[in-house]
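S.K.: Predicted coordinates and the sequence they were generated for:
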Amino acid sequence: MNEADLFFPWGHAKRYNDFPSHFRLLFSERIQKVSIDAGFTCPNRDGTKGFGGCIYCNNRSFQPDYCRVETRVARQVEEGIHFFEKKYASMKYLAYFQAYTNTYAPIDVLKKVYHEALQHPKIVGLVVATRPDCLSDEVLDYLQSLAEKRYVMVELGIESCHNETLKTIHRGHSFEDSAKALEMLAERRIHNCAHMILGLPGENRELILQQPRILSELPVENLKLHQLQILHNTPMARLYDRHPERFVLFHSPDEYVELVVDYLELLRPSIIIERFVSQSPAKMILAPGWGMKNFEFVAKVEKRLSERDTFQGQLYKNPGQFSPSNS
């Protein structure tokens, strides 16, 4: 038995703690997220902390066609379920409040839209994407009450462990805000997912590989990794045009695969990996353009883990050795 067996109850099918296997332990049916745009904004857009949003942001790059802010939440749920149930009639769903900051509204508004989504008989829970600095005690208490009856996950846009990077991309919050948010969610037994971007301007391979060490010391439950994609008509595209030397772009999938495997080796084995890559529409991408589906990239990662005879957490060290960088 190797160390991974202590955390991976499904045996040797995977060399990392994968999200689908984890969900099969939680639910008897296949589970799919249905994206919802409830019309929220962001403190980094409305002037509370800034205007224009983060320099990489274009929400249309990941929203499906059925997800339209002018359509009521209940209708978006119906259309999303209809889209997926053609393949799997017995599937159940999580309502995924994805666009912008989905806890950034008065509590009465949040209760209304969450409740509307949960009314559908095939919705078994919520996934709420938000910022680490937009989780008030009032919101957390409400999410905790929902989590006592339904599956509730809060997906935090952390993006980087380094405060200088967060300033560069105009996030408007610190990494300390992220660490505090993770702690508050864990205290209330609300599921969490940390969303991270690999390759942000100013971060080289060494800085990127500090990330799994730092996250492993925090109560991170699930993890989404995305390679940086520079999208047309964003401030980041203009920055890339002026200073391409500030970016570590993965021009080939194999280059990024190698980084992901190194990243997994350093990561606490109990953290569940939800995604390795993002998939923006090709017409929106300035760089890098791989033209590769998510499942194709996952196959490459699994192949490379096997070739290197390694697994998630192989190089994981005891906690307390690393701390966030504020440089």
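M.R.: Right, received. Where do you want to start? Just so you know, these numbers come straight off a predicted model, no measurement behind them.
S.K.: which outside residues touch stretch 136-151?
M.R.: 26, 94, 103, 107, 110-111, 114, 118, 124-126, 128, 152, 154, 184-185, 188-191 (Cβ atoms under 8 Å, 6 or more residues apart in numbering). For every residue, glycine as well, the C-beta is placed using N, CA and C.
S.K.: What residues sit buried inside it?
M.R.: 139-140, 142-144, 146-147, 151 (16 or more other Cβ atoms under 10 Å).
S.K.: swap in stretch 243-253?
M.R.: 247-250, 253.
S.K.: Need the phi and psi values for the closest residue in space to Tyr96 that isn't next to it in sequence.
M.R.: Among residues not flanking Tyr96 along the chain, Lys33 sits closest, at 4.0 Å (Cβ to Cβ, 6 or more residues apart in numbering). For Lys33, the backbone dihedrals (degrees, to the nearest 10) come out as phi -80, psi 140.
S.K.: List the residues that contact Lys33.
M.R.: 93-96, 127.
S.K.: which one of the residues you listed has the most neighbours?
M.R.: For the contacts of Lys33, neighbours were counted using other Cβ atoms under 10 Å, and Ala95 has the most, 29 neighbours in all.
S.K.: Could you identify the helix or strand that succeeds the strand or helix carrying that residue?
M.R.: Assigned by DSSP states H and E, Ala95 falls within strand 92-97. Past strand 92-97, further along toward the C-terminus, the next helix or strand under DSSP H and E is helix 107-118.
S.K.: Go through that next one and flag the buried ones.
M.R.: Quick answer for helix 107-118 (16+ other Cβ under 10 Å): 110, 113-114, 116-118.
S.K.: Next: stretch 211-226.
M.R.: Result for stretch 211-226 [16+ other Cβ under 10 Å]: buried residues 211-218, 220-226.
S.K.: For the residue nearest the centre of the chain, which residues are in contact?
M.R.: Centroid-nearest residue in the chain, with Cα atoms, centre = their mean: His195, separated by 3.2 Å. By Cβ under 8 Å, 6+ apart, the contact list for His195 reads 129, 155-159, 224, 226.
S.K.: In three-state terms, label it for me.
M.R.: strand (DSSP: H, G, I helix; E, B strand; the rest coil).
S.K.: tell me which residues form a beta bridge with it?
M.R.: Gly157, Lys224 (DSSP bridges).
S.K.: Likewise for Tyr93?
M.R.: Gln32, Ile123.
S.K.: From Arg238, how far off is it?
M.R.: Tyr93 sits 38 Å away from Arg238, going by Cβ to Cβ, to the nearest Å.
S.K.: Same check on Leu126?
M.R.: Distance from Leu126 to Arg238, by Cβ to Cβ: 36 Å.
S.K.: Mind checking which of the two has more residues around it?
M.R.: Leu126 (24 against 12).
S.K.: Helix, strand, or coil at the more buried one?
M.R.: strand.
S.K.: Would you format the buried residues of stretch 136-151 as JSON lines with pLDDT included?
M.R.: Listed next are these as JSON lines, based on pLDDT from 0 to 100:
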{"residue": "Val139", "pLDDT": "98"}
{"residue": "Leu140", "pLDDT": "98"}
{"residue": "Tyr142", "pLDDT": "98"}
{"residue": "Leu143", "pLDDT": "98"}
{"residue": "Gln144", "pLDDT": "98"}
{"residue": "Leu146", "pLDDT": "98"}
{"residue": "Ala147", "pLDDT": "97"}
{"residue": "Tyr151", "pLDDT": "97"}
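S.K.: Spatially, what comes nearest to His173 if we skip its sequence neighbours?
M.R.: Nearest one to His173, counting by Cβ to Cβ, 6+ apart, is Asp133 at 4.2 Å.
S.K.: The one you found and Arg171 touch, don't they?
M.R.: No: the pair Asp133 / Arg171 is not scored as a contact, 9.1 Å apart, by Cβ atoms under 8 Å.
S.K.: how about Ile107, what does it touch?
M.R.: 138-139, 142.
S.K.: so which of these comes closest to Lys87?
M.R.: Set against Lys87, the nearest of the contacts of Ile107 by Cβ to Cβ is Tyr142 (33.8 Å).
S.K.: Which secondary structure state does that closest one sit in?
M.R.: Following three-state DSSP, we place Tyr142 in the helix state.
S.K.: how close does it sit to Glu221?
M.R.: Distance from Tyr142 to Glu221, by Cβ to Cβ: 20 Å.
S.K.: do Cys161 as well
M.R.: 17 Å.
S.K.: next one: Cys193
M.R.: In terms of Cβ to Cβ, Cys193 sits 7 Å off from Glu221.
S.K.: For Val152, which three-state class applies?
M.R.: Per three-state DSSP, Val152 ends up strand.
S.K.: ok, which stretches of this structure are strands?
M.R.: 31-36, 92-97, 123-130, 151-159, 191-198, 222-227, 230-231, 272-275, 285-287 (DSSP state E).
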